[in-house]
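[1] Output the structure for:
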Amino acid sequence: MRIDSLRTQLRTLGALPLHEDRILRDWVRNSGHEHGRRRPGDFLPKPLRQALPDIDAQLDGLARILSTHPAEDGSARLLVGLQDGQTVESVLLPRDGVCVSSQVGCAVGCQFCMTGQGGLVRQVTSGEIVAQVVLARRQRPVKKVVFMGMGEPAHNLDNVMEAIELLGVEGNIAHKNLVFSTVGDPRVFERLPAGRVKPALALSLHTTKPALRERLLPRAPRLTPQELVDEGERYARLTGYPIQYQWTLLEGVNDGQDELEALAELLRGKYAVLNMIPYNANEGLPFQRPGWDKAERIAAWLFERGILTKLRDSAGQDVDGGCGQLRARAAQPVKVHRPA
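    Predicted structure coming up:
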């Protein structure tokens, strides 16, 4: 279900825009209908009141939690089931955040990402995206939503932008706390500035070398790192939010001194934050996670040169839950060992 189709359904039941907003607000805030001065019996048209239990059941059926994997850092990875039997992953983050998925699978094929290994299965609808936030709010408060789970949000722009608008207008989430993550599709730099809600932007950089970026992100748009940063800087100045540049630190691949010097030059003076994340090792992929001491030295070196660098650990490291791993494990057939 898309949010636009839900609004159409509500209008056929006599809803005016203020009635639509109320139903959607109650849902996305997980607040129920019996609150505030305007109770449904006094406020909603009769056909809509009569249909409300069925509408609530429809919304509740969009997504459900299949398994929960809490971690020592306060995060919890959720395997979320959708109505058609497909699964995606969400992550409850420390400090009242949630990371949501925008696609089942992914078409970009990043070489170090488990999600991209199986390709794209289908788009996640705007209703299913918001449903992940609602599920999270049933577990804990949510004040920040990051679109950094499974999928490339730029390849599902209509659904993602619908979800962002609802979360930013009715969901009681500050616009700067809605974070759109992308490998750098040019359509993003056209659509996001035109939206009613302008989210913060996270750009997957990972290297300063164009040829290496093409190898690591084989189906990403052919923007060079310099072009990506130039586009990001324009959006940062427009919105007043710093760009979050993502750098997955891969042992022996993008952690050399030549990369660090080029990175310091590339981001010097930019309205930006560099999120450096040591790689979360995936079984079967040929990349290694550098030691934490080495990652700390790299982050300190960059910080000393004026690059605001935050060394982050992928949530849920201790539950082996890098994005796509829960879904991959759930999809594997169970091996039955029979006695000889």
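
[2] so who does T207 touch?
    T207 makes contact with 213, 216, 225, 253-254, 259 under the criterion CB atoms under 8 Å, 6 or more residues apart in numbering. C-beta: built from backbone N, CA, C; applies to glycine.

[3] Oops, could you answer that again for A236 instead?
    A236 neighbours (CB under 8 Å, 6+ apart): 201, 242-243, 270-272.

[4] V108 too?
    So V108 contacts 116, 152, 155, 183, 217-220 (CB under 8 Å, 6+ apart).

[5] where's N30, which helix or strand?
    With secondary structure defined by DSSP states H and E, N30 is part of neither a helix nor a strand.

[6] wait, isn't it in contact with V130?
    No: using CB atoms under 8 Å, N30 makes no contact with V130, being 10.7 Å away.

[7] Who has more neighbours out of the two?
    Per other CB atoms under 10 Å, whichever of N30 and V130 has more neighbours is V130, with 29 against 15.

[8] I'd guess the more buried one is in a strand, am I close?
    No: the assignment for V130, made by DSSP: H, G, I helix; E, B strand; the rest coil, is helix rather than a strand.

[9] now the nearest residue to it once chain neighbours are set aside: how far from E304?
    Excluding the flanking residues, the one nearest V130 by CB to CB, 6 or more residues apart in numbering is A163, at 5.2 Å. Applying CB to CB, to the nearest Å, the value for A163 to E304 is 39 Å.

[10] do the same with L249
    L249 sits 17 Å away from E304 when distances are taken as CB to CB.

[11] neighbour-wise, which of these two wins?
    Taking other CB under 10 Å, L249 and E304 do not tie; L249 has more neighbours (20 against 10).

[12] Setting aside sequence neighbours, what's the nearest residue to that one?
    Spatial nearest neighbour of L249, chain neighbours left out: P278 (4.8 Å); criterion: CB to CB, 6+ apart.

[13] Could you check how many residues crowd around that neighbour?
    P278: 25 neighbours (other CB under 10 Å).

[14] same deal with L205?
    Neighbour count for L205, taken as other CB under 10 Å: 27.

[15] Contact partners for it?
    Neighbours of L205 in contact, by CB under 8 Å, 6+ apart: 225, 228-229, 245-247.

[16] just A15 next, same as before
    When contacts are counted by CB under 8 Å, 6+ apart, A15 touches 23, 44-45, 48.

[17] Spatially, which two of these are the most separated?
    I23 and P45 (11.3 Å; CB to CB).

[18] Was I right to think L93 contacts S75?
    Yes: using CB under 8 Å, L93 is in contact with S75, at 5.5 Å.

[19] returning to what we had before: so which of the contacts of L205 is the most crowded?
    Neighbour counts for the contacts of L205 peak at Y245, which has 26 neighbours (criterion: other CB under 10 Å).

[20] Validate this expectation: it resides in a strand.
    Yes: Y245 forms part of a strand when assessed by three-state DSSP.

[21] Check the gap between the residue nearest to L249 and Q139 for me.
    27 Å.
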